[in-house]
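Trainee: I need the structure of the sequence given here:
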Amino acid sequence: MSTDLFSLDGRTAVVTGGTSGIGRMIADGLVDAGVRTYVASRKADACARVAAELSERGTGIGIVADLSTEAGCVALAAEIAEREESIHLLVNNAGATWGAPLEEYPDHAFDKLWAINVKGPFHLTRALLPQLRAAATEEDPGRVVNIGSVDGIRVPVTENYAYSAAKAAVHMLTRHLAATLVRDHITVNAVAPGPFDSRMMAFLLDDPDGRQAVAGSVPMGRVGQPSDVAGTVIFLASKAGAYLTGAVIPVDGGVSTV
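Mentor: Numbering: from 1, shown residues only. Predicted coordinates:
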């Protein structure tokens, strides 16, 4: 068996929402694995700061992008195309959440979350197909990894109706794109994280009692660590994951099993 089963050295990746939370965890892992990594975010200062931090250990490039619109996705793809003839990995991580009681849940929350959580990955994947196809071979496919959520697998304990519905849609979109793009030697998989330290979870995890309660609800008894989600993406992007497509992988410490 090859000794480079999990090697990503010399590859190029794009990680949306890569300046914080799970996206930053993934970007850190990819750079440490030798991947030339583009991180996209709406905030220019965050892009510059994170790119500089990543470049202390490898190659990190920041690009400002608004992925809540088709035009923003197309603009990011055009910027990438000017710099790279091919990319090996696209991680569609950028997203948003919204929580409110049922009687108060606003209609526009569905529009906002559908735009960035579902349409964003669709538009950006489509816009970057030329670069993904250029890197893809039968033995070493191009890779797309969509970041879903355990909340798209089981009913959440919080009232985040639009978020859970959108993440369930991401999972189905993943399977649909996988069925279409397999003929182009591009795999499409999803990672469905449970609780990790991120802005979306800060309202619970920044409070010691809240963190203890969340950890106690996880069968494995802890909140996810950066290596948990970064390692899963590295697997999917490496030779080890070359024969996997259309999968939704819960990285949740067992939350989805109870």
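Trainee: could you list the low-pLDDT ranges of this structure?
Mentor: 1-3 (pLDDT under 70).
Trainee: and the residue most central in space within it, what does it touch?
Mentor: Centroid-nearest residue in the chain: residue 93, 2.9 Å away (criterion: CA atoms, centre = their mean). The contact partners of residue 93, taken as CB atoms under 8 Å, 6 or more residues apart in numbering, are 15-18, 22-23, 26, 147. Placement of C-beta: from N, CA and C, glycine included.
Trainee: now it: how far from residue 171?
Mentor: 15 Å (CB to CB, to the nearest Å).
Trainee: picking that back up, ok, of the contacts of residue 93, which one's closest to residue 56?
Mentor: Distance to residue 56 across the contacts of residue 93 (CB to CB) is lowest for residue 18, with 15.7 Å.
Trainee: against residue 30, how distant is that closest one?
Mentor: From residue 18 to residue 30 the distance is 9 Å (CB to CB).
Trainee: so for the two, which sits in the more crowded spot?
Mentor: Using other CB atoms under 10 Å as the criterion, residue 18 and residue 30 rank with residue 18 on top: 32 against 29.
Trainee: what element comes up after the top strand by length along the chain heading to the C-terminus?
Mentor: The longest strand of the chain (DSSP state E) is strand 186-193. Note on strand 186-193: by DSSP states H and E, the next helix or strand toward the C-terminus is helix 202-205.
Trainee: who does the helix or strand following that next one touch, helix- and strand-wise?
Mentor: Scanning forward in sequence from helix 202-205 by DSSP H and E, the next helix or strand is helix 208-216. The contact analysis (3 or more CB pairs under 8 Å, 6 or more residues apart in numbering; DSSP states H and E) places helix 208-216 against helix 202-205.
Trainee: in the stretch 101-250 of the chain, which spans are strands?
Mentor: 142-147, 186-193, 248-251 (DSSP state E, counting those that start in this stretch).
Trainee: using CSV, lay out these together with distance to residue 55 and mean neighbour count.
Mentor: Formatted as CSV, those follow (distance: least, CB to CB, whole Å; neighbours: other CB atoms under 10 Å):
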stretch, distance to residue 55, mean neighbour count
strand 142-147, 23, 27
strand 186-193, 25, 26
strand 248-251, 27, 20
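Trainee: residue 52: neighbour count?
Mentor: 11.
Trainee: SS state for it?
Mentor: Classification of residue 52 using DSSP: H, G, I helix; E, B strand; the rest coil returns helix.
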